[in-house]
Structures are given as C-alpha cells and as structure tokens.
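Peer 1: Need coordinates for the following:
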Amino acid sequence: MTRGLIVSHKGEHCGVFQFGRNLFETLSRAKEIAWSYCECSSFDELKTVVAKMGPDAILFNHHPYTMPWLAGAPVRELGNAPLFGLLHQVSQEIADAADPAPFDFLICLDPTLVARNPRILRAPRFLPVNPATPPAPPEIFTVGSFGFATPTKGFDRLCAMVNAEFDRARIRINMPVHDDPSLLPDTMMKAVVDKCRTAITKPGVELEITHHFWSNADIVKFLGENTINAFLYEDSPSTGISSCVDFALASGRPFALTRTSMFRNLFHLNPSVFIEDRKLSDIAAGDTRMLDAARAEALPEAAAKEWNLSILEAIGSTKAARTTPDGRGYNKILDDRSRAAYTEALADLARYAPEMIARKIERANIQQAFGLDVCKRFLADHPNARILAAGSFEDTAVESLRNMGYRIDEIDPNVNGMTLQDFYVSSKAQLGSYDLVVSVSVLEHVADDEQFVRIISEFLRPGGLAVLTVDFAEKWKPGANKPIVDFRLYTTRDICDRLMPAIGDCVLVDPPRWAEGVEDFEYEGSQYGFAGFVFRKLDAASVRRANVTPVWREMLADAQRGGKKAAAADKMTTIRPMSAIKRWFSKN
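Peer 2: The predicted structure follows:
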C-alpha cells in the first residue's frame, strides 16, 4: 500500500495547524493510502522523520507564516517521494499561474476550481467531524459566529444587523486567542469587541463574547446550540474558501453568509443563504434541504477517498511521464534524445507505412513516431476508443494506426474534402464523442489555430486526449524567419498564454518542458524544432464549471451580425499555396 506522510508545524492555537490535524484524521478514514502524521519545526527534523518512515508521498500542511523553515530548503534531500503542498489561499487566477516549487503538486481545497494547471489538484471540502444532531433550538432567537478577531470578519456588522432586525435576540461570538500575538495583537481584538458592543443599542439584544480555543467537536457543539449561525466576511477575491462553513454544515443548523468569494462553493444553494437575498429570520425559518445535500457531499469518508485517489493519480502521472521512451514526459521538444529513444515507434512507422515513410525527411519522422507512441500508450488502456485524425493527409502515424486495425475518422481536404470546420458544422459531427484526437504537424499550417484547438476540445469526451505536434522555436517572434508553409513557429509563452486559455476545459497532461532541448531541424533556411503538445479534456464536473463558449455559438452570432467571418469561412484552415503544403506533407 502507498504510504503517505502529512507534515505540519508546531503550535495548536492556529487555524492552519488545526486544519492539518483535521486533514490527517479525515484522510485516515479511507484505505487507499496509509497516512502518518508529524509536526516539525525545522528541515533537519523533517529529514529525520522521512528517513525513518520512508513515505511514498509527502503532503505539507504548508503556510509561509507557519512553516518559514521550508523556504529555500533542499527538499530533494528528502528522496524521490512526490511532494504535495496545500495552497490555503487560492483563486482561479492564482491556481492557473501557480508554480508549485518547492513541491511537485499543489492541492487546493476549492471544489469550484477548474484545474487547468497540470500541477494543481482540486480537492473537496470536508466536514471536520461527523454531522451532529443538534439539540432543540433555544427559546430566544440566537445567532452564533466564531473566528479570529480580524476586522474583515464582519462581527460588528452582524451585531448591527441583529440589532436592526430583532427587538429580542442573543448574539454569541467566540473569538479565540492566536498563538502568535504579532498576527493577532490584543489591541486588534479589543477594537473588534468595542465595535460589536457599540453596534447594539436595544436592551433586548444580548451580546456574549468568549475567547476559547476549542476542539473541532466543541466548535460544532457551540454552533449547534444557536438558532442560526452567521459569517459576514468582507470580500477577498484572492483568498481561499473559508473553513467556517465546514463547521457550520457539521452543526446541523441553518447559517447565513455574505456573498463573498470566500463562500463561492455555496453560491449554488437554493433557497439562498446569503444576507443580500434574505433576512436572518427568513433563512433560519426556511427550507434547509439544500444544506442536507451539501452536508452529504462533504462527509469525511467520501472526501477522504476523493483526496487519496487524486493524490494516487498524480503519483501515477509522474511515473507515467518517466516511462516515456526518453523519460521526459509529453510536452517537450523532440530533439536527438527523442530520435534515439523512440526507435520502436520509428520502426513501427517503417513497418506499417513503408511506402509513405520512404517519401519523408528522415529527421522529421520523430513527430509521427512521438504521435504514434502516445496514441498506442493511450489505446492500451482504452481499447475501444473513438479516434479522430485532424489533418491526416500523408500522416505516417495515422496510416500506421489504421494498418494496425484501428478505426479512425480522418478529416483532411486532401482525404475526404473537408476541413475540420466543415466537419464540425456537418451532420456527421458528434461533439464530445472522441476519446482520442491526433493532429501531427498541422497546427502551424492553420491560420486560426485558436479556433482549431477549440474545435478539437469540443470533439473530446471528458478525460479524452489530444495529441499534437508543432513546429517550435523558443525565441521566435512574428516577422522572423520561418518555413513558407508555416503561419508561425510556436513558443512556450505562445502556447500557454494564447492556446491554452482558448481551450479552457482542457489541461496539459504534464508541465511544459519545451525550452529544455535543442531546436535541431532545418527547412527552407529556417532553424527550429518539433514539440509535443498533448492535452486532455477535464472531467465532466470541471467541464461544466469551466463555462467555455462553444465555437458554434460564435459562428451563429457572427452569421446573425452579417457573416463577416463567413466570407472567409476557411480562415481556420487557410494554408499557404497548396503546392507548397502538399510538398511539405509529402516529406514531413
């Protein structure tokens, strides 16, 4: 069984520390990974623990404030176990651009996240304890809340709201003392308390403030004793989801929230629990069945299994990248290291497409060998896959797959008279139906390459794979030298900044390493290289969250505006002079 180690810091009166303990207790409920737990105050201390336990994966309950000793530490001295770090404060923009260093992967507790970054894992929220059956509600309408006494928590706003809505009510707020006085000084807490007391003007409204640092069970018990709990946080778009609602769900009581991004995982609840939509009394007395559904989704056992399986999948993807013929994964430059390593795939091209490969430039064959190898690896696990070849004319990889017995839908003006766009708008098109799309040495010849890859993404099933190669030169800029048959040469920045956002429901299968190689091919006086460009469709739930506008909607809108693009209907597949392109494909 895979052995995992959760690493946290020392210091109990801290939300990050408490989360680490909660995480260990939760993940230990599932059996996919055998988890251990340790608390360390230095890297040397951690090295000793790792040497003793020999884990297969290490998960850091990391926060810069609580684990400063990890910054700059030689983490590779911990061995070959993949390193996972928690990204406690995250937004979609932060996740998309995040560099996981010093970790191999970052885990984000945000079910709304679209995990486009190949080093980002999305993890579900989970209840800190099993759901409780609360006691009978108190006779006096009681509103509860808890959290560190920072100005953005909105405790004074809560007091003012209760004071305005009720003539008789009780407010109970627990503001624990933090381990680190520099993060939460007494003066800050006093200022928050004073504002709360000032906000109450009615004699029938009581305010009870405590400063306990409770266990998870005690927090849930406290919340269960109230009529309703409320968390009126100010908006903070760059932060993560607050854990207070995890406790509120576990308590079994209704709760009210502000419509802040820190509660974005509950925006879908209907009836609404947000004070911008309803009063506290209405939320407390209303239908709470939607909370039962949210509670069921966050049960510790189910969440633990999803966490463990996600981590195991990440470990597996790392191992899979190392098993490629050159051990460098998929999104890489295909230089002489690959030519030396992909000998089996090159031999397959010669075996299954001998006449076609005889017409090719030998050094360019690595593109088709790479494409064939990736397809065979995928098809080994998906024997009944539906395959689409976009731009299959004179493609030895497609020819080899076909002669191996695979059925392939081929789209190419020189094969079936159709561009990819023609096929997309035809009655034969079945969006979301292909497990594998292959398009080798095509994209650089397409004028509207963004639309081309978007259409590919729409043909893929959730989890489906797209295997492309492109002409690549890391320092190339528009206007610089390139083959006449190419519209452009690609760079890392161009692919990541322009193409990947265009297919927002897809993600690279591994981190790009295109710049780590030699651009060792020459054609028409241009020096460049070939690169693998391999991405996959997200899972079905993530595809729904990605909310990507399909190409057909834009085409329809354009037609309704007068069809300016329709006048250049083949823009996405417009290529350089046909004689030049046919000559190119016959050789490459």
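
Peer 1: Outline the domain layout of the chain.
Peer 2: In the assignment given by automatic domain parsing, the structural domains of the chain cover 2-126, 142-298, 326-587.

Peer 1: which one of those domains lies closest to Ser310?
Peer 2: The minimum distance between Ser310 and these falls on domain 2-126, with 5.1 Å, by CB to CB. Quick note: C-beta positions are derived from backbone N, CA and C, even for glycine.

Peer 1: Just give the nearest non-adjacent residue to Ala250, would you?
Peer 2: Leu127 (4.4 Å; CB to CB, 6 or more residues apart in numbering).

Peer 1: ok, the one you found touching Ala248?
Peer 2: No: the pair formed by Leu127 and Ala248 falls short of the contact definition of CB atoms under 8 Å, at 9.9 Å.

Peer 1: more neighbours, those two?
Peer 2: Comparing Leu127 with Ala248 by other CB atoms under 10 Å, the one with more neighbours is Ala248, at 32 against 24.

Peer 1: Distance-wise, check that one relative to Met161.
Peer 2: 17 Å (CB to CB, to the nearest Å).

Peer 1: cool, Asp246 as well?
Peer 2: From Asp246 across to Met161, the span is 23 Å (CB to CB).

Peer 1: ok, those two, which is more surrounded?
Peer 2: Asp246 (23 against 20).

Peer 1: so which strand or helix has that one?
Peer 2: The secondary structure element spanning Asp246 is helix 244-251 (assigned by DSSP states H and E).

Peer 1: go on, Pro383?
Peer 2: Assignment of secondary structure by DSSP H and E places Pro383 within no helix or strand.

Peer 1: what about it, how many neighbours?
Peer 2: 7.

Peer 1: Repeat that for Ala51.
Peer 2: Number of residues near Ala51 (other CB under 10 Å) recorded here: 11.

Peer 1: cool, and Asp235?
Peer 2: Applying the criterion other CB under 10 Å, we find 12 residues in the vicinity of Asp235.

Peer 1: hang on, it packs against Thr260?
Peer 2: Yes: between Asp235 and Thr260 a contact is recorded at 4.2 Å, counting by CB under 8 Å.

Peer 1: which residues are in contact with both of the two?
Peer 2: Common contacts of Asp235 and Thr260 (CB atoms under 8 Å, 6 or more residues apart in numbering): none found.

Peer 1: can you give me the strands in the stretch 351-500 of the chain?
Peer 2: 387-390, 408-411, 434-439, 460-472 (DSSP state E, counting those that start in this stretch).

Peer 1: how near is Asn130 to Ala34?
Peer 2: If you measure Asn130 against Ala34 using CB to CB, the figure is 22 Å.

Peer 1: Would you mind finding the longest helix in the chain?
Peer 2: With secondary structure taken from DSSP state H, the chain has its longest helix at helix 300-322.

Peer 1: elements contacting that one?
Peer 2: Helices and strands touching helix 300-322, by 3 or more CB pairs under 8 Å, 6 or more residues apart in numbering; DSSP states H and E, are strand 2-8, helix 15-27, strand 33-39, strand 57-60, strand 105-108, strand 120-122.

Peer 1: These: which one's closest to Phe146?
Peer 2: Proximity to Phe146 (CB to CB) singles out helix 15-27 among those, at 10.9 Å.

Peer 1: List the contacts of the closest one.
Peer 2: Surrounding helix 15-27, the residues in contact under the criterion CB under 8 Å, 6+ apart are 4, 6, 8-12, 33, 35, 37, 59, 61, 63, 65-66, 86, 88, 126, 128, 148, 179, 216, 243, 300, 303-304, 307-308.

Peer 1: which SSE is Pro181 in?
Peer 2: Using DSSP H and E, Pro181 falls outside every helix and strand.
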